[in-house]
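> return atomic coordinates for the entry below.
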Amino acid sequence: MQTFTCSCGNRLFFENSRCMRCQSETGFLPDRLLLVPIRSQDGKYWSCELVPQQRYRKCSNFNAQHICNWMIAEDDDNQFCVSCRLNKIIPDLGQPDNYRRWQRMERAKRRTLYNLFRIGLRIVDRKADPDNGLEFRFMEDVREYDPYTHELVRYQQIMTGHDAGTITINIQEADHSHREAVRENMNELYRTPVGHVRHEIGHYFWDKLISSSSQLARFRELFGDEREDYQGCLQHYYQNGPIIDWQEDFISAYASAHAWEDWAETWAHYLHISDTMETANDFGLSIEGRALLAPLNIGNGNNVTTPPKYLSESGFDEMLTDWMHLTILMNALNRSMGMRDAYPFAVSARVGDKLRFVHEVIAAEVARLAAPGINTSAGGAGPVYRGKPG
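The predicted structure is shown next:
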């Protein structure tokens, strides 16, 4: 994740809606992937020095809910930005703590979208493309009580997962205490809101980029046969745990449950790597006297469809090597603070091959999208629900 610069010279962070030094309002421009100071023209339209000829409006969730800082181009008549328009269901904001939970999940979603846009991938909402678009449902467990006895008469647990372009996330995953309890119970090394979003987005892109493509045979060589009974595999995993020595072939224990989960976990880690490496480079981090690679070398202000320069074989090798050095440093710093490792995972040779495959799939899609006259619609998604309990 990049940081940005206000016109006063102060450093701005992705979630900022105001500069803390000069108090200028700031807005994120999705068409340019930049956070910039904005000036109101008439209370409805806003402008910025970077593109003075372009006018923008604030997202409705910017104006009304103060939960978003993304802008909408003047010629776009949607009331929501490209992130918020993906929302099909949001939690009941009349319930205690739901506003805070939703805010955390929206931050995770916007960070993931920024990461995808920087890479050169595209996301379309279900309203614009009912067959291939994406939508989010942020929901909470349903509890109904008898009005007289106050006894619980109905309970429905909301499962986090992906189903044919719909990503459902249990809003309780935004609560640190709940998420930590589930992580301990599931014997997981890592569980975060951004991890959930990146994982489920991985299922969405499997449907788009792998399921009916020439990549399927190679996928099965690396990840296994996705036609294996999914529910049966998950049941076996939860009853018996991961396979022995899973670290040799999988990025996480959960990845060993089924080929689909292996892909989604590997995809999520690829996004972890590219985003964290961009952050390290943006802050000028060097290890052993050498600056870390900037994996997303497209520069400020470029159109989001510009193919990133890092999408090459040598670029991937360098990025992965730098990542291994960086995680050693990150973990050592955390241990100095008495905290858990920031990245408690091992990238084996087999996992490296899988990450490389994700890299190659993304590179092919970015090249396809950049081709002149391309039809950006994607193949349909399957009907199988895939996701984690909790």
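> pLDDT wise, what is G301 at?
With respect to pLDDT, G301 has a value of 36.
> apologies, that question was intended for H258.
At H258, the predicted lDDT confidence score is 97.
> wait, what's in contact with it?
Contact criterion CB atoms under 8 Å, 6 or more residues apart in numbering gives 224, 226, 228, 230, 233-234, 237 as the residues in contact with H258. Glycine gets a C-beta too; all of them are placed from N, C-alpha and C.
> of all those, which comes closest to D129?
In terms of CB to CB, no member of these lies closer to D129 than E226, at 23.9 Å.
> pLDDT below threshold where in the stretch 1-150 of the chain?
Across the stretch 1-150 of the chain, residues meeting the criterion (pLDDT under 70) sit at 146.
> apply 50 and report the result again.
Using pLDDT under 50 as the threshold, the predicted model of the stretch 1-150 of the chain has no low-confidence range.
> what's around P242, how many residues?
For P242, the number of neighbouring residues by other CB atoms under 10 Å comes to 16.
> mind checking pLDDT for it?
You'll see P242 listed with a pLDDT of 93.
> cool, R191 as well?
The score at R191 is 91. That number is its pLDDT.
> so T112 touches G195, yeah?
No - between T112 and G195 there is no contact, the gap being 9.7 Å when judged by CB atoms under 8 Å.
> the contacts of H258, buried ones only, as a PyMOL selection?
Only the buried members of the contacts of H258 enter the following PyMOL selection, criterion being 16 or more other CB atoms under 10 Å:
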select buried, resi 224+226+230+233+234+237
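> please say which of T112 and G195 ends up with more neighbours.
Between T112 and G195, counting by other CB under 10 Å, T112 is the more crowded of the two (24 against 20).
> continuing past the helix or strand harbouring that one, what's the next helix or strand?
Assignment of secondary structure by DSSP states H and E places T112 within helix 98-119. Using DSSP H and E, the helix or strand that follows helix 98-119 in sequence is strand 135-139.
> count the residues that sit near D75.
For D75, the neighbour count with other CB under 10 Å is 7.
> that older thread, mind listing what's buried in the helix holding T112?
Of the residues in helix 98-119, those buried (16+ other CB under 10 Å) are 98-99, 101-119.
> packing partners of that helix?
strand 135-139, helix 193-209, helix 259-282 (3 or more CB pairs under 8 Å, 6 or more residues apart in numbering; DSSP states H and E).
> so which other helices or strands are in contact with the first one?
Using 3+ CB pairs under 8 Å, 6+ apart as the contact test, the elements touching strand 135-139 are strand 87-89, helix 98-119, strand 166-170.
> tell me which of these lies nearest to M337.
Counting by CB to CB, M337 lies closest to helix 98-119 out of those; the figure is 22.5 Å.
> excluding its backbone neighbours, what's nearest R85?
When the adjacent residues along the chain are set aside, R85 lies closest to D125, with 4.9 Å between them (CB to CB, 6 or more residues apart in numbering).
> what does L216 give?
The spatial neighbour of L216 that comes closest, neighbours along the chain excluded (CB to CB, 6+ apart), is I210 at 5.9 Å.
> quick one: the one you found and A264 touch, right?
No - between I210 and A264 there is no contact, the gap being 11.2 Å when judged by CB under 8 Å.
> of these two, which one has the most company?
Here I210 and A264 are set side by side on neighbour count (other CB under 10 Å), and the busier one is A264, at 27 against 21.
> does the more buried one touch D207 like I think?
No - in this structure A264 lies outside contact range of D207 using CB under 8 Å: 11.0 Å.
> quick one: pLDDT of H359?
Per-residue confidence (pLDDT) for H359: 91.
> am I right that it is in contact with D317?
No - with contacts counted by CB under 8 Å, H359 stays clear of D317, the gap being 9.9 Å.
> related to what we said a few turns ago, need the helices and strands packed on helix 98-119 in JSON lines (columns: distance to E173).
Below are these laid out as JSON lines (distance: least, CB to CB, whole Å):
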{"stretch": "strand 135-139", "distance to E173": "9"}
{"stretch": "helix 193-209", "distance to E173": "6"}
{"stretch": "helix 259-282", "distance to E173": "14"}
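> all helices of this protein, in order?
Along the chain, the segments classed as helices by DSSP state H run 60-63, 98-119, 176-185, 193-209, 216-223, 230-240, 259-282, 313-336, 349-370.
> give me the nearest residue to the spatially most central residue of the chain, chain neighbours excluded.
Per CA atoms, centre = their mean, the C-alpha nearest to the average position across the chain is that of T112, at 2.7 Å. For T112, the nearest residue in space outside its immediate sequence neighbours is V197; the separation is 4.6 Å by CB to CB, 6+ apart.
> quick check: which ranges of the stretch 151-300 of the chain have low pLDDT?
Residues of the stretch 151-300 of the chain meeting the criterion pLDDT under 50: 297-300.
> how about a cut-off of 80?
Applying pLDDT under 80 to the stretch 151-300 of the chain picks out residues 152-156, 293-300.
> picking up where we left off before, okay, the helices of the chain in TSV with distance to N16 next?
Converted to TSV, the helices of the chain look like this (distance: least, CB to CB, whole Å):
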stretch	distance to N16
helix 60-63	12
helix 98-119	12
helix 176-185	22
helix 193-209	18
helix 216-223	39
helix 230-240	40
helix 259-282	15
helix 313-336	24
helix 349-370	29
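> fine by me, thanks again.
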